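1. Quick one, fold the following:
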Amino acid sequence: MKRNKQLFILLLLGGLTTVQQACAQPAAGLTNQQILAETRVAAQTTVLLNNAQDVIPLENLDQNKVAAVHFQYSFSSAFDSLMNKYTAVKPFDGNNYRGKMDLLSQDLKLYNVIVFELAEADMANTALINFIEATQKLKTTIVAFYGTGRALSTFNNFTGPIIWCDRQSLVTAEYTPQVLFGGVAATAKLPQSFSSKYLVSTGFQTTKVRLQYTVPEDAGVNSNNLAAIDNIANEAVRGHAAPGCVVLVVKDGKVIFNKAYGHHTYDADALPEKVTDIFDMASVTKVSATTPAAMRLYEQGKLNLDSTMGYYLPAAANTNKRTIKVRELLLHEAGLVPYIPFYEALKPQDHSADSSEAYPTKVADGYYLRKNYYRDVMLPQMLNSGLRTRGKYVYSDLSMYFTKEIIETITAKPLNIYTAEEFYQPLGMQTAGFLPRDRFSRDQIIPTENDTYFRHTLLDGYVHDQGAAMAGGVSGHAGYFATANDQAILFQMLLNRGSYGGVQYLKPETVELFTHRQSNNSRRGLGFDGWGPIADSHYPSYKASPGTYGHTGYTGTCVWVDPKYNLIYVFLSNRVYPKVTDRLSQLNIRPRIMDAIYDAIEKGL
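-> Below you'll find the model as predicted:
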């Protein structure tokens with residue numbers, strides 16, 4: 001993770017009015033320089049105690065259910081909000097349990113990690129201190145304490161980790177949770193002895209292992225120089241390139257800019273965009289699900305890039321696809337047709353308005369496909385499709401349909417289950433994955449097209465791509481949904497050469513192999529798109545460096561990583577609402593925002 005000039009940038013297109021920020025929240029009445037100064041004081045004075053068991057930074061996010069309890073601490077909302085950027089955390093207001101601590105214990109029983117947010121006023125609450133000491137016997141118990149050091153003696157009988165800070169403010173409320181999850185390193189020591197247990201110069205040190213949330217100035221960028229992002233995003237909404245947008249910038253592993261603009265749709269009563277909204281990532285699925293899965297199987301020796309479709313898929317053994325290599329699929333050099341409009345061949349008997357055993361595959365609200373349609377019709381149609389020149393670059397969705405089939409054959413798991421278990425859940429990605437309507441309300445998901453030609457309904461939480469929808473919403477080329485923050489986590493892991501949260505998800509050499517250009521026929525790596533050297537386009541940005549990798553998506557999305565600057569740039573939108581439009585490309589929104597970020601970095605402070 002010790003890499004210089006690293007920048008990670010994520011953008012999701014969503015709206016005109018800034019409604020929320022996901023980096024450090026602006027403290028009322030403070031300039032960013034003042035926030036930065038207080039953050040540095042917090043770094044010098046926030047002390048981690050009782051961490052001999054290395055509980056902090058918190059690990060195993062997929063195995064831990066976290067609850068946060070507060071009583072007299074006045075900045076609990078900011079504390080809880082920041083924690084939820086790392087993993088799902090359930091907040092509890094302890095004031096609702098006064099004199100009823102047994103009820104609080106009952107409500108906490110399904111959580112195995114309990115974080116107590118305490119102010120000095122809580123130290124006089126004997127029942128609370130006794131409850132904390134009892135809780136530590138059964139669960140991982142962590143105390144975040146804000147108050148004078150002399151009050152630490154109250155915790156002489158407490159053995160769980162304590163994160164102590166003597167200052168109560170919005171800034172410290174957002175700093176302490178980052179120590180807990182490893183967004184920042186714990187480095188400070190106690191300035192003096194406060195008890196026989198908490199002695200001068202004691203304190204545990206940790207390393208930064210996850211994203212940090214802070215102000216641009218903390219990464220050497222002047223906030224004013226990022227104003228061009230607002231202007232371009234607002235232009236996109238005014239020009240009806242998309243109803244709204246979310247922009248997230250991470251530099252040097254620090255989230256320094258994350259704003260939401262506009263609304264879910266152009267309707268007068270539409271919901272305002274939020275940075276926590278979930279987008280249909282379209283073909284970004286290829287590098288957020290299918291390719292990471294292939295990378296994991298490759299380094300485990302289970303997927304050979306030079307083995308063939310015929311080897312992995314018996315159904316391909318007697319077709320013209322039998323000799324196509326996995327490498328050719330990932331490079332889009334297999335000679336496959338670009339796509340097949342599967343929905344055009346549907347017959348009335350193939351679908352129903354109601355679900356049943358005969359029609360189990362939900363394509364959209366009120367639209368169900370007959371059983372095994374993908375297996376019996378779509379897959380054979382792809383396997384029997386014609387071939388073009390092998391070794392020539394032709395971008396094709398079929399390549400990722402087939403790669404998904406290979407992955408599922410090897411793992412014996414559906415792609416959505418495998419990627420969630422191997423990546424999204426342990427990384428702390430709370431929304432990322434397929435089939436979002438099974439997991440979230442419609443209000444949390446950005447609608448895409450008002451489909452008037454196939455499903456005849458507004459697509460909200462169902463994948464926009466027709467073939468992926470007919471495959472049940474899970475495909476290798478489309479179907480993945482996520483928020484800006486989740487994408488930041490996933491691609492920071494890749495930018496860290498496979499490491500995040502203290503876990504090595506992929507080997508550095510695997511990341512290098514797949515993300516670097518692998519052919520003289522195109523700019524692509526394995527699965528990943530890449531930097532284009534064509535002078536008049538400088539794809540994906542005029543200022544992008546060679547070695548930049550990522551992908552775009554049809555719904556108006558993109559993810560780009562520039563290792564030279566440690567950059568990941570993601571732009572997501574519902575540019576297909578209410579119907580498909582090219583305004584996003586015509587206005588050159590995505591590359592212009594990317595250029596604006598480079599400009600801000602070059603100008604510095």
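2. Residue 395: how many residues sit nearby?
-> Other residues lying near residue 395 total 13 when counted by other C-beta atoms under 10 Å. In this view, the C-beta of every residue, glycine as well, is placed from N, C-alpha and C.
3. brain fart, residue 239
-> By the measure other C-beta under 10 Å, the count of residues near residue 239 is 14.
4. can I assume residue 445 is in contact with residue 462?
-> No. Counting by C-beta atoms under 8 Å, residue 445 does not reach residue 462; the two are 9.2 Å apart.
5. can you give me phi and psi for residue 477?
-> phi -110, psi -20 (degrees, to the nearest 10).
6. So for it, what's the pLDDT?
-> In this model, residue 477 is scored at 98, pLDDT.
7. The closest residue to it other than its chain neighbours in helix, strand or coil?
-> Computed as C-beta to C-beta, 6 or more residues apart in numbering, the closest residue to residue 477 that is not its neighbour in sequence is residue 400, at 3.8 Å. Three states are possible here, and by DSSP: H, G, I helix; E, B strand; the rest coil the one that applies to residue 400 is helix.
8. what is the rounded mean pLDDT of stretch 124-132?
-> This predicted structure assigns stretch 124-132 an average pLDDT of 95.
9. Which parts of the stretch 1-150 of the chain are strands?
-> When secondary structure is read from DSSP state E, counting those that start in this stretch, the stretch 1-150 of the chain shows strands at 7-12, 47-49, 66-70, 89-93, 113-119, 140-146.
10. quick one: residue 416 and residue 293, what's the gap?
-> 10 Å (C-beta to C-beta, to the nearest Å).
11. neighbour count winner among the two?
-> For residue 416 against residue 293, the residue with the higher neighbour count under other C-beta under 10 Å is residue 293, and the figures read 25 against 22.
12. and the closest residue to residue 586 other than its chain neighbours, backbone torsions?
-> Distances taken as C-beta to C-beta, 6+ apart put residue 241 closest to residue 586, at 7.7 Å, once the chain neighbours are dropped. In terms of degrees, to the nearest 10, the main-chain angles of residue 241 are phi -80, psi -30.
13. between residue 445 and residue 462, what contacts are shared?
-> For the pair residue 445 and residue 462, residues contacting each of them under the criterion C-beta atoms under 8 Å, 6 or more residues apart in numbering are residue 437.
14. The two: which has the busier surroundings?
-> Ranked by neighbour count (other C-beta under 10 Å), residue 445 and residue 462 place residue 462 first, with 27 against 23.
15. all helices for the stretch 301-450 of the chain, in order.
-> Read by DSSP state H, counting those that start in this stretch, the stretch 301-450 of the chain holds these helices, from start to end of the chain: 309-312, 326-331, 373, 379-383, 398-411, 415-419, 425-427.
16. which residues sit against the shortest one?
-> To tie it back to what came earlier, the one meant is helix 373. Residues outside helix 373 that contact it (C-beta under 8 Å, 6+ apart) are 350, 361, 470.
17. Mind putting these into CSV with neighbour count and distance to residue 182?
-> Formatted as CSV, those follow (neighbours: other C-beta atoms under 10 Å; distance: C-beta to C-beta, whole Å):
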residue, neighbour count, distance to residue 182
350, 15, 50
361, 19, 41
470, 24, 42
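18. Mind putting these into CSV with pLDDT and distance to residue 123?
-> Rendered in CSV, the data for these read as follows (pLDDT from 0 to 100; distance: C-beta to C-beta, whole Å):
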residue, pLDDT, distance to residue 123
350, 98, 68
361, 98, 58
470, 98, 61
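19. now, which of those sits nearest residue 307?
-> For the contacts of helix 373, the closest approach to residue 307 (C-beta to C-beta) belongs to residue 470, at 28.2 Å.
20. what sits against the closest residue to that closest one other than its chain neighbours?
-> Taking C-beta to C-beta, 6+ apart as the measure, residue 470 lies nearest to residue 342, with 5.5 Å between them; neighbours along the chain are not counted. Listed by C-beta under 8 Å, 6+ apart, the contact partners of residue 342 are 377, 378, 381, 466, 467, 470.
21. low pLDDT regions in the stretch 1-150 of the chain?
-> Across the stretch 1-150 of the chain, the stretches falling below the confidence threshold (pLDDT under 70) are 1-28.
22. follow-up on the earlier one: out of the strands of the stretch 1-150 of the chain, which comes closest to residue 101?
-> Counting by C-beta to C-beta, residue 101 lies closest to strand 66-70 out of the strands of the stretch 1-150 of the chain; the figure is 10.6 Å.
23. Quick check: which helices or strands does that closest one pack against?
-> When contacts are defined as 3 or more C-beta pairs under 8 Å, 6 or more residues apart in numbering; DSSP states H and E, strand 66-70 packs onto helix 76-83, strand 89-93, strand 113-119.
24. angle of the shortest one against strand 113-119?
-> Relative orientation of strand 89-93 versus strand 113-119 (axes from the mean of the first three to the mean of the last three C-alpha atoms, to 10 degrees): 40 degrees.
25. Show me what strand 89-93 is packed up against.
-> Under the contact definition 3+ C-beta pairs under 8 Å, 6+ apart, strand 89-93 sits against strand 66-70, helix 76-83.
26. in that strand, what counts as buried?
-> Neighbour-count burial for strand 89-93, with 16 or more other C-beta atoms under 10 Å as criterion, is recorded at 89, 91, 92.
27. what's the residue closest to the geometric middle of this structure?
-> Of all residues in the chain, the one closest to the mean position by C-alpha atoms, centre = their mean is residue 486, 1.2 Å from it.
28. just to confirm, which helix or strand has that residue in it?
-> Secondary structure from DSSP states H and E places residue 486 in helix 484-495.
29. Provide a list of residues in contact with the closest residue to residue 284 other than its chain neighbours.
-> Nearest residue to residue 284, sequence neighbours excluded (C-beta to C-beta, 6+ apart): residue 553, at 4.3 Å. With contact taken as C-beta under 8 Å, 6+ apart, residue 553 is in contact with 280, 281, 282, 283, 284, 285, 478, 572.
30. again with residue 117
-> The neighbourhood of residue 117, defined by C-beta under 8 Å, 6+ apart, consists of 68, 69, 70, 73, 76, 79, 144, 146.
31. now the strands for the stretch 151-300 of the chain?
-> Counting by DSSP E, counting those that start in this stretch, the stretch 151-300 of the chain has these strands, from start to end: 162-165, 212-213, 244-251, 254-262, 279-280.
32. Indicate which one of those strands is closest to residue 580.
-> Evaluated with C-beta to C-beta, the strands of the stretch 151-300 of the chain place strand 279-280 nearest to residue 580, the distance being 13.2 Å.
33. Show me what that closest one is packed up against.
-> Secondary-structure packing of strand 279-280 (3+ C-beta pairs under 8 Å, 6+ apart): strand 481-482.
34. Does residue 457 touch residue 364 like I think?
-> Yes. Contact criterion C-beta under 8 Å: residue 457 and residue 364 qualify, at 5.4 Å.
35. In the stretch 451-600 of the chain, where is pLDDT below threshold?
-> Within the stretch 451-600 of the chain, the stretches falling below the threshold (pLDDT under 70) are 535.
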